[in-house]
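Engineer: coordinates for the following, if possible.
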Amino acid sequence: MAEAKKMFLFPVTVLKYAGKGVAFLVSLVTKDDSSVYNPDRLVGEDLDRELEKVKKQSQEFKNQAVQETVENAKKDIKLVSFKYVAKNSQGDEVKGIFDAEDITAVRVFLTNEGYEIVSIAPREKWDIDINIGGNKIKTGDLSFLLTQLATYIKAGIPLIDAMRILSKQTSKPQQKRILDKVVYELVIGQTFSAALEKQGDAFPNILVNMIKTSEATGDLAGTLDEMADYFTKTERSRKQMLSALIYPAVILTMTIAALGFIIIFVVPQFIDMFSSNGAELPAITIFIINASDFLGKYWWMLILGIVAFFVTYRWIFKHNRSFRRTMQTIFMKMPVYGNVIIYNEVANLTRTFASLLNHGVFITDSMEILTNITSNEIYKEIINRTLIGLSKGAKISETFKGEWAFPLVAYEMLVTGESTGQLALMMEKVSEHYSNLHENAVGVIKSLIEPIVIVILAGGVGFILMAIILPMFDLYGQL
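Structural biologist: You can find the predicted model right below:
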């Protein structure tokens, strides 16, 4: 059993120590120009400990922590999931799920919504949701919902009624369940921002904070329009990033599959001919024959190994912060593709920062939100160092100075924005600039990958043809 466990964990161990080795090599290569590996700057767990220390000492962070504790206590109320069957005003039967403190709350909600209750019962323990995407509303759906909600409010429809319309018209059960709970919170007197916040991670933190600000200013419709535009741009950037990843992967996979087909099914036909005629085989032909024989017998092991490698890599990338940070650094240092990552991250961060500043969100709160919208450890550390610097009275530009992952043009515009009092405007300009650069970089990758794949395919096919043709010359010489 112990030996089997060691064999199973062997790929994990290899990747773990390989990641440490690569991190060491990267640190040697980048130590002169990379602030990430500068020993004078805190990184990783040391940075986390320093940030926690600052939060405990800073009065601003103390007040924020107290507020978060109160809000979390409100959200920690135990909810029970109920299944209900009811009839709408047209007499049609409606089935659904609703989470509430007790069955009375479900009954009150359904009655207020104009339903005739048929039955309400707690869900069985085995009746669980299979929701691969999680509780979070997709960015594209959220943008559409916000646009509709802003339109309804501008038309004079009360917020509660507008949310009811959105809930009734959605065809996605999980989304309807979330919107129903928002309606319920509004009915019992909660503010819109509090109602959204109580839905866990269904709605992004930036949206909740923007709604809080709009409730103070009274411009909810305008904020919703801005947020709809923000999420539309974010979704477009995400799709561009996926395009930059998927397109090369698909092309390379097809190329490898084509070469594999030739080696497995075409080459054996010539092997039989060479064997029957006793031709002397050159080294290149022997290599192709051995490769064909191996793939023909053990193709399933190769596929299993590739799948195991990617599953193991994904697991370590998700759970090992040091490995994730190392790999992200390597990707960002790659020619062409590294620019795609940097431009995308800078565009998203500055766009979000500008939106938060335009709505009067405090700098420290804005920075906290920025750490939640990025999964890149390099940028998380930059933002955390900025939080520490702000607590000590430093400017944002001072903490961003020398950060290799934050381009010089963006940094200079950050400095200009701080010095002129137009930080939000400068961040909008930075976002627009790097969104355009990101789109162009994706186009460059697409234009480069085709000739590269053609060269690889031509080289592979040429190598195989050479291995087949050379023995044929020997055969013709024997005639």
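Engineer: for Leu166, see how far away the residue nearest the centre of the chain is.
Structural biologist: In the chain, the C-alpha nearest the mean C-alpha coordinate belongs to Ser375, at 6.5 Å (Cα atoms, centre = their mean). Per Cβ to Cβ, to the nearest Å, Ser375 is found 29 Å from Leu166. Yep, even glycine has a C-beta here, placed from its N, CA and C like the rest.
Engineer: helix, strand or coil for Ile117?
Structural biologist: Classification of Ile117 using DSSP: H, G, I helix; E, B strand; the rest coil returns strand.
Engineer: if we can go back for a sec, so what does the residue nearest to the centre of the chain look like in phi/psi?
Structural biologist: Per-residue torsions, Ser375: phi -100, psi 10 (degrees, to the nearest 10).
Engineer: all helices of the stretch 151-300 of the chain, in order?
Structural biologist: 159-169, 173-187, 192-197, 205-217, 220-261, 267-277, 283-319 (DSSP state H, counting those that start in this stretch).
Engineer: between these, which gets nearest to Ala354?
Structural biologist: Between Ala354 and the helices of the stretch 151-300 of the chain, the tightest spacing by Cβ to Cβ is seen for helix 220-261, at 9.3 Å.
Engineer: how big is the angle separating that closest one from helix 159-169?
Structural biologist: Helix 220-261 runs at 30 degrees relative to helix 159-169, counting by axes from the mean of the first three to the mean of the last three Cα atoms, to 10 degrees.
Engineer: what's the closest of the helices of the stretch 151-300 of the chain to Thr111?
Structural biologist: helix 173-187 (10.7 Å).
Engineer: just for this protein, where's the confidence low?
Structural biologist: Within the chain, the stretches with pLDDT under 70 are 1-41, 55-78, 125-134, 271-280, 474-479.
Engineer: strands along that one, start to end?
Structural biologist: 80-87, 93-100, 116-122 (DSSP state E).
Engineer: on that earlier part again, a markdown table please, covering the helices of the stretch 151-300 of the chain and showing mean neighbour count.
Structural biologist: Output for these, formatted as a markdown table (neighbours: other Cβ atoms under 10 Å):
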| stretch | mean neighbour count |
| --- | --- |
| helix 159-169 | 17 |
| helix 173-187 | 20 |
| helix 192-197 | 21 |
| helix 205-217 | 19 |
| helix 220-261 | 16 |
| helix 267-277 | 14 |
| helix 283-319 | 13 |
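Engineer: of those, which is nearest Leu110?
Structural biologist: Closest of the helices of the stretch 151-300 of the chain to Leu110 is helix 173-187, at 9.5 Å (criterion: Cβ to Cβ).
Engineer: where's the residue nearest to the centre of the chain relative to Val307, distance?
Structural biologist: 24 Å.
Engineer: what's the answer for Ile256, then?
Structural biologist: From Ile256 to Val307 the distance is 14 Å (Cβ to Cβ).
Engineer: could you do Leu51 as well?
Structural biologist: From Leu51 to Val307 the distance is 38 Å (Cβ to Cβ).
Engineer: ok, Glu215 next?
Structural biologist: 50 Å.
Engineer: what does the domain assignment say about this structure?
Structural biologist: 80-122, 139-233, 234-479 (automatic domain parsing).
Engineer: that older thread, nearest to Pro282, out of the strands of the chain?
Structural biologist: Pro282 sits nearest to strand 93-100 of all the strands of the chain, at 69.2 Å, using Cβ to Cβ.
Engineer: which strands or helices does that closest one pack on?
Structural biologist: Strand 93-100 makes packing contacts with strand 80-87, helix 103-112, helix 173-187 when contacts are defined by 3 or more Cβ pairs under 8 Å, 6 or more residues apart in numbering; DSSP states H and E.
Engineer: buried ones in that strand?
Structural biologist: Of the residues in strand 93-100, Val94, Gly96, Ile97, Phe98, Asp99, Ala100 count as buried by neighbour count, 16 or more other Cβ atoms under 10 Å.
Engineer: dump those to JSON lines, plus distance to Phe203.
Structural biologist: JSON lines is the format used below for the buried residues of strand 93-100 (distance: Cβ to Cβ, whole Å):
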{"residue": "Val94", "distance to Phe203": "24"}
{"residue": "Gly96", "distance to Phe203": "20"}
{"residue": "Ile97", "distance to Phe203": "19"}
{"residue": "Phe98", "distance to Phe203": "18"}
{"residue": "Asp99", "distance to Phe203": "16"}
{"residue": "Ala100", "distance to Phe203": "19"}
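Engineer: ok, those vs Met427, which is closest?
Structural biologist: Nearest to Met427 among these, counting by Cβ to Cβ, is Asp99 at 38.2 Å.
Engineer: which non-adjacent residue is nearest that closest one?
Structural biologist: Leaving aside its sequence neighbours, Asp99 sits nearest to Leu79 (Cβ to Cβ, 6 or more residues apart in numbering; 4.4 Å).
Engineer: who are the neighbours in contact with that neighbour?
Structural biologist: Asp99, Ala100, Glu101 (Cβ atoms under 8 Å, 6 or more residues apart in numbering).
Engineer: returning to what we had before: out of the domains of the chain, which gets nearest to Asp46?
Structural biologist: domain 234-479 (10.2 Å).
Engineer: please name the nearest non-neighbouring residue to Met427.
Structural biologist: Ala354 (3.8 Å).
Engineer: does the one you found touch Ala424 like I think?
Structural biologist: Yes. Between Ala354 and Ala424 there is a contact under Cβ atoms under 8 Å: 4.9 Å.
Engineer: who's more crowded, these two?
Structural biologist: Just comparing Ala354 and Ala424: by other Cβ atoms under 10 Å the higher neighbour count belongs to Ala354, 23 against 17.
Engineer: who touches the more buried one in this structure?
Structural biologist: Ala424, Leu425, Met427, Glu428, Ser431.
Engineer: let's see which of those residues end up in helices.
Structural biologist: Those of these mapping onto helices are Ala424, Leu425, Met427, Glu428, Ser431, per DSSP state H.
Engineer: please identify which of the residues you listed is nearest to Ser171.
Structural biologist: Nearest to Ser171 among the ones in helices among the contacts of Ala354, with distances taken as Cβ to Cβ, is Ser431, at 33.3 Å.
Engineer: list the contacts for the residue lying closest to that closest one once chain neighbours are set aside?
Structural biologist: Of all residues not flanking Ser431 in the chain, Arg351 sits nearest, at 3.8 Å (Cβ to Cβ, 6+ apart). Applying Cβ under 8 Å, 6+ apart to Arg351 gives the contacts Tyr230, Lys233, Thr234, Met427, Glu428, Ser431, Ser435.
Engineer: in TSV, list those residues along with distance to Gln190.
Structural biologist: As requested, the contacts of Arg351 are arranged in TSV below (distance: Cβ to Cβ, whole Å):
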residue	distance to Gln190
Tyr230	24
Lys233	30
Thr234	27
Met427	32
Glu428	32
Ser431	33
Ser435	36
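Engineer: how much space between Leu98 and Ala150?
Structural biologist: I think there's a mix-up here, since residue 98 is Phe and not Leu. The value you get for Phe98 to Ala150, if Cβ to Cβ is used, is 26 Å.
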